[in-house]
Structures are given as structure tokens and as C-alpha cells.
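> Sharing a sequence plus its predicted fold:
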Amino acid sequence: EPEVTQTPSHQVTQMGQEVILRCVPISNHLYFYWYRQILGQKVEFLVSFYNNEISEKSEIFDDQFSVERPDGSNFTLKIRSTKLEDSAMYFCASSGTSGSWVGEQFFGPGTRLTVL
Amino acid sequence: AQSVTQPDIHITVSEGASLELRCNYSYGATPYLFWYVQSPGQGLQLLLKYFSGDTLVQGIKGFEAEFKRSQSSFNLRKPSVHWSDAAEYFCAVGAAAGNNRKLIWGLGTSLAVNP
């Protein structure tokens, strides 16, 4: 069964460093998302991506964040200069094949980011 | 404002007992409603979803949920809980139209199952 994969499973970084979180969405999906979950808090939407551009972003997704689909399979989230408060679990999701309803999102296992 | 409320942070039930997890939402447009489950160290797995039509929807693992528009609720139920159901359960609401399909999430309910 197709699934969303994410690497690494755990990333530890120093404050101020750049990190790139990687995701491989389900191959024929058209919509891609990043969410994060700070420990003990609710899952929060960061950004959605469709047709090679951001379709919506939250207020969390400031200039320190960027997303990219560098090839036909990967979808990345970059944080340019990490802050302590960026420590969270980051989930990638994908949805929607051509002609189908796009609302059901399939999630990866997450990357736990720890900023020291 | 768009929001999802799960009033119960933590619930403990005995194996074999029935279960109901509550979810209330506030959403300006026609909502699509979801329940996801997250086992420790795992990702988010879709249990069931409501788009339209029959307000009682069936999901995987013997779960069902009922959409009640008048109460803005989408409660999750299971008639007989198994020990393997211990996990975190999230209710989420999404937009029914457009290319912006972000999900808005509740805080989650942690379910513990006593043997």
C-alpha cells in the first residue's frame, strides 16, 4: 500500500542552524502539506502546496520557512535559522489524485525536531 | 473562528467496554470531518471521514462516528474497546471546496485501556 515517508525520523540541531526535513508523498498525489505538533499541543497547519506553488500558509510559516518540490518525488521543508520554539514533531501529508476529491490526507510518520 | 474542541483530554476504559470520544467544531463553511488515530511513535492514521449523506459513518477497526449538524458535533464511538485501541485520537475539520485543504485539529484525546 502506498505511504508517505519522512526522513530523518529524529533531527537534533543547534539554535540558528538550518534544517531540511524531507518527505516523499504518495506518488500520484497532487497536494502536499506540512503540519507540526509541539509536545502536548494540537497539530497545527503550516503550509499547503499545489501545482508547484504554495496555496496557503499559516501565520507560523514566516520567512524562516520554505518548501520545495525539487524533483518529482520529494517535498522538503526548510527552516533557515532554527529557534528553540521550532522543536516539534513535523508531519508531511499528501492528498488528491487527478479527478478525485482531495480532502483525505495521508500522513507520514513524522520527523521529531529538537533544537538545542 | 474555525476551531475543533475535544473536551476530554484523557479517558480510561476497561477492555470490552463501550467508548465515545467527543468532538465539537466551529466552522464557517461546509465542513468535512475526520477522526485520526496516532499510536505511540507512529504517524496519523485516518479512522473515518464524513463528507455528506448518511450522518453515521463507519470506519476502520470497528469505529463509527455520527455527524450532528444541530450540535456541531462529530463524536467517535466503538461498542467494545480492545487493548490495542490505546492511542491518541484527533478530530479534525477541513474545507469542502477550493485548493486550500488545511485541516484544523482538536487537542486530542488520549485513550488508555485497562485489561
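Alright, I've got the coordinates.

> so who does B:Val93 touch?
Going by C-beta atoms under 8 Å, 6 or more residues apart in numbering or on different chains, B:Val93 touches B:2, B:4, B:25, B:27, B:31-34, B:103-104. Backbone N, C-alpha and C define where each C-beta goes, glycine included.

> er, A:Cys92 actually
A:Cys92 neighbours (C-beta under 8 Å, 6+ apart): A:4, A:6, A:21, A:23, A:25, A:32-35, A:75, A:77, A:107-108.

> any idea which helix or strand carries it?
Per DSSP states H and E, A:Cys92 falls inside strand A:88-95.

> Need the residues that contact the next helix or strand after that strand.
Where DSSP H and E defines the elements, the next helix or strand beyond strand A:88-95 is strand A:106-107. With contacts defined as C-beta under 8 Å, 6+ apart, strand A:106-107 is touched by A:2-4, A:25-26, A:29, A:35, A:91-95, B:36, B:43-46.

> Read off the pLDDT value for the residue nearest the centre of chain A.
Nearest to the mean C-alpha position of chain A, counting by C-alpha atoms, centre = their mean, stands A:Trp34 at 3.0 Å. What the model reports for A:Trp34 is a pLDDT of 97.

> Can you verify it is assigned to a strand?
Yes - assessed with DSSP: H, G, I helix; E, B strand; the rest coil, A:Trp34 lies in a strand.

> B:Gln42 is in what secondary structure piece?
With DSSP H and E as criterion, B:Gln42 is part of no helix or strand.

> Give me the nearest residue to the residue nearest the centre of chain B, chain neighbours excluded.
The centroid of chain B falls nearest to B:Trp35 when counting by C-alpha atoms, centre = their mean (3.2 Å). Distance criterion C-beta to C-beta, 6 or more residues apart in numbering or on different chains; nearest residue to B:Trp35, sequence neighbours excluded, is B:Leu47 at 4.3 Å.

> For that neighbour, the count of nearby residues, please.
23 (other C-beta atoms under 10 Å in any protein chain shown).

> coming back round to it: contacts only, for the residue nearest to the centre of chain B.
By C-beta under 8 Å, 6+ apart, the neighbours of B:Trp35 are B:21, B:23, B:46-49, B:59, B:63, B:65, B:74, B:76, B:89-92.
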